[in-house]
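[1] Pasting the sequence and the predicted coordinates here, then a few questions.
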Amino acid sequence: MLSGVLVPLLTPFLGATVDENVYAYQVERLLAAGVGGLVTGGIIGEGPTLAPAENTRLVQVAVEAVAGRVPVIATTGSNSTAATITATQAARKAGASAALVVTPYYNRPGQAGLFAHFEAVAQATRMPLILHNAPGRTNITLAPPTLERLGAFPAIFALLDEGEETGRHTALAEACAERPWRIAPDCRSPFAPHLRPPRACLSAMANVAPRLCIALWRQRLAGHGARAMELAAPLDILQHALDLEAEPAGLKYAVSLLDPAFNPSPRLPLTAPAPAAAAAMRVAVAALACAPLQDLSLTPMSPTP
């Protein structure tokens, strides 16, 4: 169902509202670069600060702009099972191809609670689901035995896993080698030796350099390690600069350097990058122009008035 580079969309604002025209334009820019799918909401899309109606509307705008060319994945997970079900049902009605559902955060349920949560969402929504294990943000981990049990639900078809604890990759290989299949959390993420390569990757940096990220992913899947390292070098510089600020403030600023029509202002509690971080991002974006692959997204482009 999913392959290639999936891009979590940034959400541009026009004052207190979402700038739908620029949002749709960014969709078209990424499609022109050849991305494999788009993800609405989430951390990169400032989902935690979006109202439910805004999240649903973003799905609608993306679906309309995509016009069936690639899948649109809606981020619908929350720490409330009922709210997750409601958001997932709304995303399905809005035309999303699948939903990305993170483990419940803050209230930290046990493995029995995690299983019951995803079971309820799968049964109530009948929507293709991608499980998202992000312990660095949620402070909870979806254990491999729980994943193995959840793999029995046909709706749960993929896993985006950011767990880094010792032995996790081996445990995943034993528990769910075939189902659910995996999405890498970044186009530069190392492949685990005990697992088949992921079928797709989620790349936030593709908002800035989509063609470079796509080329890197293809080289890695083809096993061309030296070429992949060459392509990854300028992205490593960009990532270092982006890490100076909380996501996605740095990404929004970097995109605004390439597209003057893109308003980089995030919603509170996020703020614009500090001067030193902004300077580092300008250097990193300029370095992309010297990348081994000419990235046509570096040409500043603006939506037609």
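    Received, thanks. Residues are numbered from 1 along each chain as shown.
[2] Quick one: classify residue 27 as helix, strand or coil.
    Secondary structure state of residue 27, per DSSP: H, G, I helix; E, B strand; the rest coil, is helix.
[3] For the nearest residue to it once chain neighbours are set aside, give me the pLDDT.
    Leaving out its chain neighbours, the residue that sits closest to residue 27 by CB to CB, 6 or more residues apart in numbering is residue 65, at 4.1 Å. In this view, the C-beta of every residue, glycine as well, is placed from N, C-alpha and C. Here, the pLDDT recorded for residue 65 equals 97.
[4] which residues in the chain form strands?
    For the chain, applying DSSP state E gives strands covering 4-8, 13-14, 17-18, 37-40, 72-75, 98-102, 129-133, 156-161, 181-184, 200-202.
[5] any residues touching the longest one, and which ones?
    Residues from elsewhere that reach strand 156-161, judged by CB atoms under 8 Å, 6 or more residues apart in numbering: 1-2, 98, 100, 118, 122, 128-134, 142, 147, 150, 168, 172, 176, 179-183, 185, 199, 202.
[6] Report the strands that pair with it, each with its relative direction.
    Paired neighbours of strand 156-161 in the sheet (DSSP bridges): strand 129-133 (parallel), strand 181-184 (parallel).
[7] and the angle from it to strand 4-8?
    Using axes from the mean of the first three to the mean of the last three CA atoms, to 10 degrees, the direction of strand 156-161 lies 70 degrees away from that of strand 4-8.
[8] which residues touch residue 207?
    Applying CB under 8 Å, 6+ apart, the residues near residue 207 are 7-10, 26, 30, 44, 251, 254-255.
[9] hang on, the earlier thing: looking at the strands of the chain, which is buried most?
    Most buried of the strands of the chain by mean neighbour count (mean count of other CB atoms under 10 Å) is strand 72-75; its value is a mean of 29.
[10] Which elements pack onto that strand?
    strand 37-40, helix 52-66, helix 81-94, strand 98-102 (3 or more CB pairs under 8 Å, 6 or more residues apart in numbering; DSSP states H and E).
[11] in the stretch 201-305 of the chain, what spans have low per-residue confidence?
    Counting by pLDDT under 70, the stretch 201-305 of the chain shows low-confidence ranges at 292-305.
[12] Check the gap between residue 170 and residue 162 for me.
    Remark: distance between residue 170 and residue 162 (CB to CB, to the nearest Å) = 17 Å.
[13] Repeat that for residue 126.
    For residue 126 relative to residue 162 (CB to CB), the value is 27 Å.
[14] neighbour-wise, which of the two wins?
    residue 162 (18 against 12; other CB atoms under 10 Å).
[15] Which positions in the longest helix anywhere in the chain come out as buried?
    In the chain, taking DSSP state H as the definition, the longest helix is helix 225-242. Of all the residues in helix 225-242, those buried under the rule 16 or more other CB atoms under 10 Å are 227-228, 231-232, 234-235, 237-239, 241-242.
[16] how about CSV for those residues, with distance to residue 286 added?
    Output for those, formatted as CSV (distance: CB to CB, whole Å):
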residue, distance to residue 286
227, 23
228, 22
231, 17
232, 18
234, 10
235, 14
237, 10
238, 10
239, 15
241, 11
242, 15
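[17] Just the pLDDT for residue 26.
    Reported pLDDT for residue 26: 97.
[18] Just confirm residue 254 contacts residue 235, I think it does.
    No - checked against CB atoms under 8 Å, the pair residue 254 and residue 235 is beyond contact range at 11.7 Å.
[19] Which residue, neighbours along the chain excluded, lies closest to residue 244?
    For residue 244, the spatially nearest residue (CB to CB, 6+ apart) is residue 277, at 3.8 Å.
[20] show me the contacts for residue 278.
    253, 272.
[21] Tell me how many other residues surround residue 198.
    Residue 198: 24 neighbours (other CB under 10 Å).
[22] With residue 10 instead?
    24.
[23] From residue 137, how far off is it?
    Counting by CB to CB, the gap from residue 10 to residue 137 is 18 Å.
[24] ok, now which ones touch residue 263?
    12-14, 19, 22, 256.
[25] Kindly reformat the helices and strands packed on strand 72-75 as CSV containing distance to residue 268.
    Formatted as CSV, those follow (distance: least, CB to CB, whole Å):
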stretch, distance to residue 268
strand 37-40, 21
helix 52-66, 15
helix 81-94, 22
strand 98-102, 22
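[26] Figure out which of the ones you listed is closest to residue 290.
    strand 37-40 (28.0 Å; CB to CB).
[27] Okay, the closest residue to residue 36 other than its chain neighbours and residue 148: tell me how far apart.
    Closest residue to residue 36 apart from its sequence neighbours, by CB to CB, 6+ apart: residue 4 at 2.6 Å. Taking CB to CB as the measure, residue 4 and residue 148 are separated by 27 Å.
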